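Peer 1: Have a look at this prediction, sequence included:
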Amino acid sequence: MMRSKFLSLLIRAPSVCRSMSTATKLTTIDVNDKTGIATLTLNRSPINALNVELLQDLNESIKEIEDNKSRGLILTSSNDKVFSAGLDLNEMYRPDKDRARLLWIKLQDVWLALYSCDLPTAAAINGYAPAGGCLLATVCEYRVMLPKCRIGFNETQLGIVPPIFCMFNFLNVLPRRVAERSLSQGQMFTTEQALQIGLVDDVVSSKGEALDKCTKFIDTFAKVNPLARSLAKQQFRAADLQRFQTERAKDLESFLAFINHPQMQEGLGIYLNSLKKKQQLNAV
Ligand SMILES: CC/C=C\C/C=C\CCC/C=C/CC(=O)SCCNC(=O)CCNC(=O)[C@H](O)C(C)(C)COP(=O)(O)OP(=O)(O)OC[C@H]1O[C@@H](n2cnc3c(N)ncnc32)[C@H](O)[C@@H]1OP(=O)(O)O
């Protein structure tokens, strides 16, 4: 097992595969023939809300990209305004118990797959990225964002405790003090603020440019031994991964207890309604 992982890393070469699209099309994969880099696009209309199926699809696509020995993974969205609206609140409001359990397990799986991904990862954030959207962006090693968007973990604003993997992501990206304050205040940052505090690495004016920047980032590893690069990344993340594994089951139970709490249900109902009302107001 270990040997085959080592071998696959040593012989990693640019992929000749052009496009590996998943059957359901909630995500699509495009591999650039020249660079060998895979672009993984979130494609759940209208706002890439993370439901069980999208998370499942994402997991499969990440695995497919790793198995096909791509040189890197770029995460982006097919929506030109929203990267991802975070977890699908409809999965949490008056939830089906089995689906709610599955939702959290799949979210944990996606986080784990990306946090421990052998490949260099980058996010082309071409729209809003609240909560779960921010999780997907900050689990990557590099971020570039379009102007006039927002990103952050707004959980505490919704009365939700951000799970530990949000903390791991922020601590990888931001100084501890900034990470703690923004998580505990549920701050959402404009693109410009995100750049200023280092939450994103660059700002560009189009999705094409964002993808180019991500490609350039991944290319910075071109001359680095892939095994050495991957193991160095794992070494940095090992303690977080260990803690995650220790707390994973507890984290799931906390989530289920939390969303099943009557006050949380009431709050979710009001919040969902306010999101719908916003659209009604826009139509007037
Ligand atoms: C150890 C752990 C222990 C305890 C922790 C416990 C619990 C943890 C809780 C779980 C963590 C949750 C993290 C999350 O990800 S929660 C989701 C947070 N997301 C948001 O708050 C985003 C809200 N949405 C928006 O701000 C905007 O919609 C957005 C900027 C993304 C897009 O704006 P736009 O104007 O383009 O679209 P809208 O008209 O607003 O939306 C279109 C329709 O989509 C609906 N909508 C929006 N967001 C969601 C969502 N997240 N889930 C489901 N549905 C959503 C919106 O109501 C519109 O619906 P219709 O009116 O068309 O029916």
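Peer 2: Arrived safely. Residues are numbered from 1 along each chain as shown.
Peer 1: For residue 190, give the beta-bridge partners.
Peer 2: Each beta-bridge partner of residue 190 is listed here: residue 150, as defined by DSSP bridges.
Peer 1: contacting residues for it?
Peer 2: Counting by CB atoms under 8 Å, 6 or more residues apart in numbering, residue 190 makes contact with 148-150. In short, each C-beta sits where N, CA and C put it, glycine included.
Peer 1: got the residues of the stretch 51-200 of the chain near the ligand?
Peer 2: Applying CB under 6 Å from any ligand atom, we find that the stretch 51-200 of the chain lies next to the ligand at 81-82, 85-90, 128, 130-132, 154-155, 160-161, 163.
Peer 1: which of those count as buried?
Peer 2: 82, 85-89, 128, 130-132, 154-155, 160, 163 (16 or more other CB atoms under 10 Å).
Peer 1: what's in contact with stretch 233-245?
Peer 2: Taking contacts as CB under 8 Å, 6+ apart, the residues outside stretch 233-245 that touch it are 108, 111-112, 115-116, 141, 164-165, 168, 172, 251.
Peer 1: Would you mind checking the average pLDDT for the one helix or strand residue 238 maps to?
Peer 2: Of the helices and strands defined by DSSP states H and E, residue 238 is found in helix 226-259. For helix 226-259, the mean per-residue pLDDT is 97.
Peer 1: can you pull the buried residues of that helix?
Peer 2: Of the residues in helix 226-259, those with enough neighbours to count as buried (16+ other CB under 10 Å) are 226-227, 230, 233, 237, 240, 244, 248, 251-252, 255-256, 259.
Peer 1: hmm, which two among the contacts of stretch 233-245 are most spread apart?
Peer 2: Longest distance between any two of those is 23.3 Å, between 141 and 251; criterion CB to CB.
Peer 1: returning to what we had before: so can I have JSON lines of the buried residues of helix 226-259 showing distance to the ligand?
Peer 2: Conversion of these to JSON lines gives the following (distance: CB to the nearest ligand atom, whole Å):
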{"residue": "226", "distance to the ligand": "33"}
{"residue": "227", "distance to the ligand": "34"}
{"residue": "230", "distance to the ligand": "28"}
{"residue": "233", "distance to the ligand": "25"}
{"residue": "237", "distance to the ligand": "19"}
{"residue": "240", "distance to the ligand": "15"}
{"residue": "244", "distance to the ligand": "11"}
{"residue": "248", "distance to the ligand": "10"}
{"residue": "251", "distance to the ligand": "4"}
{"residue": "252", "distance to the ligand": "8"}
{"residue": "255", "distance to the ligand": "5"}
{"residue": "256", "distance to the ligand": "9"}
{"residue": "259", "distance to the ligand": "6"}
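Peer 1: Now the two most distant members of the residues you listed.
Peer 2: The widest separation within the buried residues of helix 226-259 (CB to CB) is 41.2 Å, between 227 and 259.
Peer 1: follow-up on the earlier one: export the contacts of residue 190 as CSV, with columns for pLDDT.
Peer 2: Shown next, in CSV, are the contacts of residue 190 (pLDDT from 0 to 100):
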residue, pLDDT
148, 97
149, 98
150, 98
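Peer 1: Please tell me which one of the residues you listed counts the most neighbours.
Peer 2: Most neighbours among those, by other CB atoms under 10 Å: residue 149, with 23 neighbours.
Peer 1: quick revisit: next step: the residues of the stretch 51-200 of the chain next to the ligand restricted to helices.
Peer 2: Here DSSP state H is the test, and those give residue 132 as lying in helices.
Peer 1: hey, where'd the strands end up in the stretch 51-200 of the chain?
Peer 2: 72-77, 121-125, 129-130, 142-145, 150-152, 188-190 (DSSP state E, counting those that start in this stretch).
Peer 1: who touches whichever residue of the chain sits closest to the ligand in this structure?
Peer 2: Using CB to the nearest ligand atom, the point where the chain gets nearest to the ligand is residue 86, with a distance of 2.6 Å. Listed by CB under 8 Å, 6+ apart, the contact set of residue 86 reads 49-50, 130-135.
Peer 1: Where does pLDDT dip in the protein?
Peer 2: Residues of the chain meeting the criterion pLDDT under 70: 1-24, 277-284.
Peer 1: repeat that for 50
Peer 2: Within the chain, the stretches with pLDDT under 50 are 1-18, 21-22, 281-284.
Peer 1: Spatially central residue in it, please.
Peer 2: With distances taken as CA atoms, centre = their mean, residue 136 lies nearest the centre of the chain, 1.0 Å away.
Peer 1: No further queries at this time; thank you.
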